[in-house]
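A.B. asks: predicted model and sequence follow; I will ask about them next.
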Amino acid sequence: QQLVAGSDGVITGSTFTSAGAAFTECHVAAGQVLHLEGGDYEVVSVDGPTQLTVSVVRADEDDPVVSPPAGSGLAYRIVTFDAQAAFIAEAILRYFGIDETDVILNPEALRDASVYGVLWAVFTAMAPADEAAEVYLQKAALYRRLFEQARVAARVQVDTDGDGIANTERQGGAMRLQRV
């Protein structure tokens with residue numbers, strides 16, 4: 001999902017500016033991606049309506065900011081996959097029967113399923129309506145298989161009464177039977 005785009009970007013150090021932008025109004029946030037012709041960069045912070053702090057993508061958000069190459073008159077766009085991530089998160093919670101009052105004590109158990117699920121949703125959405133769609137659809141199918149495998153392999157510890165102790169462990173590959 002594209003939030004904002006323009007052709008007047010300027011990078012000086014780790015500062016990216018665009019006089020024609022409205023980053024705050026367009027809901028740009030840390031963690032999103034700044035696409036330039038020369039590469040993709042991480043949005044570290046939104047410093048004002050026309051100014052961002054950006055970095056070469058870092059392994060960890062606590063690592064020091066790495067300035068991208070300087071430039072001006074840069075065509076750019078800022079995108080987010082928040083909608084796809086929210087859709088997949090909701091699907092995973094439903095699959096495991098987790099509601100809004102439950103607390104997942106080991107969220108890392110769902111990391112792979114979440115990543116693969118978002119990639120599945122992104123590649124499905126990106127598929128053009130022409131012969132080039134085949135590559136995107138093949139990648140979408142791959143990530144869907146990986147998502148399903150990771151979801152089945154997950155073992156989630158759930159605190160259902162708010163005491164910080166797991167009351168139940170939900171296994172992705174286990175079926176829950178219920179007498180009707």
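C.D. replies: On my side now, so go ahead. Predicted, not measured: the structure shown is a model, and the values here were computed from it.

A.B. asks: which regions of this structure sit below the pLDDT cut-off?
C.D. replies: Counting by pLDDT under 70, the chain has low-confidence residues at 175-178.

A.B. asks: which strands and helices lie in contact with the biggest helix by length in the chain?
C.D. replies: Selection of the longest helix in the chain by residue count, based on DSSP state H, yields helix 133-153. Judged by 3 or more CB pairs under 8 Å, 6 or more residues apart in numbering; DSSP states H and E, the packing partners of helix 133-153 are helix 82-95, helix 111-126. C-beta here means a position set from N, CA and C on the backbone, and glycine is covered the same way.

A.B. asks: just those: most buried one?
C.D. replies: Comparing the helices and strands packed on helix 133-153 by mean neighbour count (mean count of other CB atoms under 10 Å), helix 111-126 comes out on top with a mean of 19.

A.B. asks: just want the angle from that one to helix 133-153.
C.D. replies: Per axes from the mean of the first three to the mean of the last three CA atoms, to 10 degrees, the angle that helix 111-126 makes with helix 133-153 is 160 degrees.

A.B. asks: which other residues reach helix 111-126?
C.D. replies: 81, 84-85, 87-89, 91-92, 136-137, 139-140, 143-144, 146-147, 150-151, 153-154, 172 (CB atoms under 8 Å, 6 or more residues apart in numbering).

A.B. asks: recalculate using a threshold of 10 Å.
C.D. replies: With contacts defined as CB atoms under 10 Å, 6 or more residues apart in numbering, helix 111-126 is touched by 1, 79, 81-89, 91-92, 95-96, 107, 110, 133, 135-154, 156, 172.

A.B. asks: extract the CA atoms of it and return them as PDB.
C.D. replies: These are the backbone C-alpha positions of helix 111-126, laid out as PDB (Å, rounded to 0.1, in the frame of the first residue of the first chain):
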ATOM      1  CA  ARG A 111       7.000 -15.300  13.900                       C
ATOM      2  CA  ASP A 112       7.600 -17.500  10.900                       C
ATOM      3  CA  ALA A 113       3.900 -18.000  10.200                       C
ATOM      4  CA  SER A 114       3.400 -14.200  10.400                       C
ATOM      5  CA  VAL A 115       6.200 -13.400   8.000                       C
ATOM      6  CA  TYR A 116       5.200 -16.000   5.500                       C
ATOM      7  CA  GLY A 117       1.600 -15.000   5.700                       C
ATOM      8  CA  VAL A 118       2.300 -11.400   5.000                       C
ATOM      9  CA  LEU A 119       4.600 -12.300   2.100                       C
ATOM     10  CA  TRP A 120       1.800 -14.500   0.700                       C
ATOM     11  CA  ALA A 121      -0.700 -11.600   1.000                       C
ATOM     12  CA  VAL A 122       1.700  -9.100  -0.500                       C
ATOM     13  CA  PHE A 123       2.600 -11.200  -3.600                       C
ATOM     14  CA  THR A 124      -1.000 -12.100  -4.100                       C
ATOM     15  CA  ALA A 125      -1.900  -8.400  -4.100                       C
ATOM     16  CA  MET A 126       1.000  -7.400  -6.300                       C
END
